[in-house]
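**Student:** Turn this into a structure:
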Amino acid sequence: MPKVSSKRQITIPVNQCQEANIEPGDEIDTFIYNGQITIVKKEIGAAKGILAHIKADKRLSDEQSLQSTLEEKQKGVA
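**Tutor:** Purely as a prediction, here's the structure:
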């Protein structure tokens, strides 16, 4: 069973890396939703659909959305 090191590093089991086609040196993206971490190998289209359940508020620009997220984190909401 993998454990988190003192540097917050996690070793992914070899069989899971093989299944996800992740090799040493590959770059990954991580996403958190409802307290669960998802790891995706960085490839064009690799994360397609991973955030499909999140509805965008089209009234906000990217900058407004980022600012809102930063403000929530400062308040401890996110």
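
**Student:** Helix or strand for the spatially most central residue of the chain, just tell me which one.
**Tutor:** Geometric centre of the chain, nearest residue: residue 31, 1.5 Å, by C-alpha atoms, centre = their mean. Assessed by DSSP states H and E, residue 31 sits inside strand 28-33.

**Student:** that's a helix at residue 69, yeah?
**Tutor:** Yes - if the criterion is DSSP: H, G, I helix; E, B strand; the rest coil, then residue 69 is within a helix.

**Student:** For it, give its distance to residue 15.
**Tutor:** 35 Å (C-beta to C-beta, to the nearest Å). (Each C-beta comes from the backbone N, C-alpha and C, glycine too.)

**Student:** what is the rounded mean pLDDT of the strand holding residue 31?
**Tutor:** Here strand 28-33 scores 87 as its mean pLDDT.

**Student:** Now do whatever helix or strand comes next after that strand, average pLDDT.
**Tutor:** Next along the chain after strand 28-33, taking DSSP H and E as the criterion, comes strand 36-41. Average pLDDT, strand 36-41: 88.

**Student:** what is the orientation angle of the strand holding residue 31 with strand 36-41?
**Tutor:** If you take axes from the mean of the first three to the mean of the last three C-alpha atoms, to 10 degrees, strand 28-33 sits at 160 degrees to strand 36-41.

**Student:** and strand 28-33, what other elements does it pack with?
**Tutor:** On a contact count with 3 or more C-beta pairs under 8 Å, 6 or more residues apart in numbering; DSSP states H and E, strand 28-33 meets strand 36-41.
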